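Asker: just need the structure, nothing else, for what follows:
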Amino acid sequence: MLLENTQECVIGKIEMLTTGYQLKAARALVGMEQSDLAERASVSVNTIRKMEWKGPETLTSGLDTIKRVQSALEAAGVEFLNHGQPGVRLAKPAEATSAQRESIEAKAGVVRSHAADAADRAMTNIDASGTEKADRRAALTDEPSLIGRARGKGNPKPGKT
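Answerer: As a prediction, the model looks like this:
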């Protein structure tokens with residue numbers, strides 16, 4: 001009895017992929033198709049399907065296979081939970097180091113420069129004053145506006161509401 005309780009405690013602390021439903025939920029959480037997961041984990045699509053078909057039952061695939069599938073999902077941002085029952089959630093993003101932030105900012109500066117150059121080239125033959133061109137350039141290179149439009153949150157097209 002003591003040995004069983006000890007094993008349960010040790011196993012209970014290991015966060016691991018254990019059921020078919022947990023696998024399916026993890027894959028859905030990051031929007032990954034079965035074929036994509038199979039490729040990333042270096043297993044067949046049928047292996048993923050069979051694992052998911054287990055539903056609420058404990059997975060019976062080999063430990064190596066389960067570890068590869070779990071690692072592929074963790075690399076995609078999934079965190080496995082086994083606090084009394086199997087679960088998943090998105091892992092918290094890691095905090096960027098100052099060197100990483102500087103690198104990102106440098107790359108963003110290059111992108112901003114290219115966007116400004118492209119806006120200038122696009123307006124070379126436009127009949128507008130310098131002020132109007134500056135206003136148009138600012139509108140074309142406004143980051144929040146561009147990001148919003150890229151995400152589909154920009155101004156609606158004429159005739160749309």
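
Asker: any idea which helix is longest in this structure?
Answerer: helix 98-122 (DSSP state H).

Asker: now do the strands in the chain.
Answerer: Taking DSSP state E as the test, the strands found in the chain are 78-82, 86-90.

Asker: save those strands as JSON lines, and put in mean pLDDT too.
Answerer: JSON lines is the format used below for the strands of the chain (pLDDT from 0 to 100):
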{"stretch": "strand 78-82", "mean pLDDT": "88"}
{"stretch": "strand 86-90", "mean pLDDT": "87"}
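
Asker: can you tell which of those is closest to residue 69?
Answerer: strand 78-82 (10.5 Å; Cβ to Cβ). Bear in mind the C-beta positions are built from the backbone N, C-alpha and C, glycine included.

Asker: how far off centre is the closest one?
Answerer: 15 Å (Cα atoms, centre = their mean, to the nearest Å).

Asker: what do you get for stretch 30-40?
Answerer: Using Cα atoms, centre = their mean, the offset of stretch 30-40 from its chain centre is 12 Å.

Asker: which residues does it contact?
Answerer: With Cβ atoms under 8 Å, 6 or more residues apart in numbering as the test, stretch 30-40 has contacts from 27, 44-45, 47-49, 52, 69, 72-73, 75-78, 90.

Asker: picking up where we left off before, in the longest helix of the chain, which residues are buried?
Answerer: 115, 119 (16 or more other Cβ atoms under 10 Å).

Asker: pLDDT on that helix, on average?
Answerer: For helix 98-122, mean pLDDT rounds to 76.

Asker: and stretch 65-73, by the same measure?
Answerer: Per-residue scores along stretch 65-73 average to 94.

Asker: residues near residue 20, how many?
Answerer: 21 (other Cβ atoms under 10 Å).

Asker: cool, and residue 18?
Answerer: Considering only other Cβ under 10 Å, residue 18 is surrounded by 21 other residues.

Asker: residues contacting it?
Answerer: Counting by Cβ under 8 Å, 6+ apart, the residues that residue 18 touches are 58-59, 82, 86.

Asker: what's the most distant pair in those?
Answerer: 59 and 82 (12.7 Å).

Asker: who has more neighbours out of these two?
Answerer: The neighbour count for residue 59 versus residue 82, taken as other Cβ under 10 Å, is higher for residue 59 (21 against 17).

Asker: what about residue 99, distance to residue 106?
Answerer: To residue 106, residue 99 is 11 Å away according to Cβ to Cβ, to the nearest Å.

Asker: done for today, thanks.
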